[in-house]
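Student: Okay, here's the prediction I keep looking at, along with the sequence it came from:
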Amino acid sequence: MANQGKVKRRDQVRKGPHGGMQLVLCEDVAHLGKQGEVVEVKPGYGRNYLVPRGLAVVPTEHNLRLLERHKVRVQQAREARIADLKSLAEQIQRIPGITIEANANEEGHLYGSVGAVEVAKGLRGKGLMVEPEMVKLEGGPIKEVALYAVKLNLGYEIETEVKVAVIRAQEKK
């Protein structure tokens, strides 16, 4: 009976009220919770995805203390990121807009389309660091030559708008 003093590793993970495993999130996980929350997930999801990627840890006293320290650092980084995004939104408001050239027929129908990637590339050309994921095209990709107001969701509920003029590309002679 020398085995009685040891605690099996599996016994350390607390079971939730629904039979899943309880974990503390180290980072925000979409559709699951925010950092620092205790969540209940299916055992396979916790063991095979969340814990190996460092997104969650088992809620032991040591891990909870480490998480509190980590939370303070993350909060400071988040505040700095929000300040950067607000200044980026102000810079975007100051520019009159961007122009994107695209191949189109005589009636103004584009042969392809202008999507989030092209809008982000146009903004990056003006020195504004905007990722394609931040561009929100409500009606899908742009397929006509015209002037559009495109919404940008920069993250952390910071939104702005930019004018995008899609013009017909001049044919090279």
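Tutor: Thanks, I have the structure now. Bear in mind that the values here come from a model prediction, so they are computed numbers and not experimental data. Numbering: from 1, shown residues only.
Student: by contact count, what packs against the lengthiest helix in the chain?
Tutor: Ranked by residue count under DSSP state H, the longest helix found in the chain is helix 61-94. Packed against helix 61-94, as judged by 3 or more C-beta pairs under 8 Å, 6 or more residues apart in numbering; DSSP states H and E, are the following elements: strand 21-25, strand 147-155, strand 158-168. Bear in mind the C-beta positions are built from the backbone N, C-alpha and C, glycine included.
Student: which helices and strands does the last one pack with?
Tutor: In terms of contacts (3+ C-beta pairs under 8 Å, 6+ apart), strand 158-168 is packed against helix 61-94, strand 98-102, strand 109-114, helix 116-125, strand 142-144, strand 147-155.
Student: one more time with 10 Å
Tutor: Here strand 158-168 touches helix 61-94, strand 98-102, strand 109-114, helix 116-125, strand 135-136, strand 142-144, strand 147-155, going by 3 or more C-beta pairs under 10 Å, 6 or more residues apart in numbering; DSSP states H and E.
Student: So which of the ones you listed is nearest residue 26?
Tutor: Each of the helices and strands packed on strand 158-168 was scored for nearness to residue 26 using C-beta to C-beta, and the closest is helix 61-94 (6.5 Å).
Student: which parts of that closest one are buried?
Tutor: Buried residues in helix 61-94, defined by neighbour count with 16 or more other C-beta atoms under 10 Å: 63, 67, 74, 85, 88, 89, 92.
Student: One more: stretch 164-173?
Tutor: Neighbour counts using 16+ other C-beta under 10 Å place 164, 166 of stretch 164-173 among the buried residues.
Student: so residue 57 touches residue 35, yeah?
Tutor: No - between residue 57 and residue 35 there is no contact, the gap being 11.3 Å when judged by C-beta atoms under 10 Å.
Student: Contacts only, for residue 51.
Tutor: In this structure, residue 51 makes contact with 13, 21, 23, 26, 41, 45, 57, 58, judged by C-beta atoms under 10 Å, 6 or more residues apart in numbering.
Student: Low-confidence regions, the protein specifically.
Tutor: The chain contains residues with pLDDT under 70 at 1-12, 171-173.
Student: returning to what we had before: show me whatever sits in contact with both of residue 57 and residue 35.
Tutor: Residues touching both residue 57 and residue 35 comprise 24, 25, 26, 67, with contact defined as C-beta under 10 Å, 6+ apart.
Student: Now residue 78: closest residue in space, sequence neighbours ignored.
Tutor: Ranked by C-beta to C-beta, 6 or more residues apart in numbering and with sequence neighbours excluded, the top spatial neighbour of residue 78 is residue 156, at 7.5 Å.
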